[in-house]
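A.B. asks: Kindly generate the corresponding structure for this input.
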Amino acid sequence: MTTLYLAAVAFGVTLLVASLVMGSKDTDSGDAGDGEFGLGVAPVTSLRFWVFLLAFGGGAGFALTKLGSNQLVAALGALGVGWAAGAIAVYVVKKVGKGSVSSGVEASELVGTTGTLTLPVGPGKPGKVRVDIKGRSEDFVASLHEAGEELPTGTPVLIVEEGERGSLLVAKGEM
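C.D. replies: Okay, the predicted model is just below:
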């Protein structure tokens, strides 16, 4: 059993280090509910859950074995510690993620702002609009808000509303 615990620790720590070095977007659909803790229904579909279960559960199992516990006590202790560590890790990351501020720009946030066309836009012909927001320039697909004449590249436009799939509906505007 000691070999199994050490292998679990090695595998869990390897995955943890790899996710830290390479960056990680957890592939979880781990639903412990929206903000609910739920140790009973831990997010077993979350990679983060399994990384912590293996690393901490393996370490606990190894420690309990070395302290002279019988196999059943060591296995149950490893499972309990690993399960708790995995569930807590997923809960904490979800909680932190909900409270974090994003520098990403959503199309709906741009309504009422102005931009400049980087590609012409006309009736039935989408173009591109560049908007300066949150300290940087972002390009979005743009369509005319109302049928009218084609607007050439460089035209200042007003973002009137969000269109389909995050595009922007624009009208000729003054900057």
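A.B. asks: next one: phi and psi at the residue of the chain positioned farthest from its centre?
C.D. replies: In the chain, the residue that sits farthest from the middle, by CA atoms, centre = their mean, is Gly68; the gap is 42.5 Å. Here is the backbone geometry of Gly68 (degrees, to the nearest 10): phi 90, psi 10.
A.B. asks: measure it to Gly82 for me?
C.D. replies: For Gly68, the distance to Gly82 (CB to CB, to the nearest Å) stands at 20 Å. In short, each C-beta sits where N, CA and C put it, glycine included.
A.B. asks: tell me, which strand in the protein spans the most residues?
C.D. replies: strand 136-144 (DSSP state E).
A.B. asks: In contact with the residue farthest from the centre of the chain, which residues are there?
C.D. replies: By CB atoms under 8 Å, 6 or more residues apart in numbering, Gly68 lies in contact with nothing.
A.B. asks: about what we covered before: in its sheet, what does the longest strand of the chain sit against?
C.D. replies: strand 127-133 (antiparallel), strand 168-172 (parallel) (DSSP bridges).
A.B. asks: Low-confidence ranges, this protein, go.
C.D. replies: Along the chain, segments meeting pLDDT under 70 span 23-42, 99-108, 174-175.
A.B. asks: So which bits of whichever helix in it runs longest are buried?
C.D. replies: Assignment by DSSP state H gives helix 71-99 as the longest helix of the chain. Applying a neighbour-count criterion of 16 or more other CB atoms under 10 Å, one finds 74-75, 77-78, 81-91, 93-94 buried in helix 71-99.
A.B. asks: likewise stretch 114-127?
C.D. replies: Applying 16+ other CB under 10 Å to stretch 114-127 flags Thr114, Gly115, Thr116, Leu117, Thr118, Pro120, Val121, Pro126, Gly127 as buried.
A.B. asks: what does the domain assignment say about the protein?
C.D. replies: 2-99, 107-172 (automatic domain parsing).
A.B. asks: ok now the longest one, how far from the chain's centre?
C.D. replies: Chain-centre distance of domain 2-99: 20 Å, with CA atoms, centre = their mean, to the nearest Å.
A.B. asks: repeat for the shortest one
C.D. replies: With CA atoms, centre = their mean as the basis, the distance from the averaged C-alpha position of domain 107-172 to the chain average is 27 Å.
A.B. asks: From Ala78, how far out is the residue nearest to Phe140 when sequence neighbours are not counted?
C.D. replies: Of all residues not flanking Phe140 in the chain, Leu168 sits nearest, at 4.9 Å (CB to CB, 6 or more residues apart in numbering). Separation of Leu168 from Ala78 (CB to CB): 54 Å.
A.B. asks: do the same with Thr155
C.D. replies: Going from Thr155 to Ala78 by CB to CB gives 66 Å.
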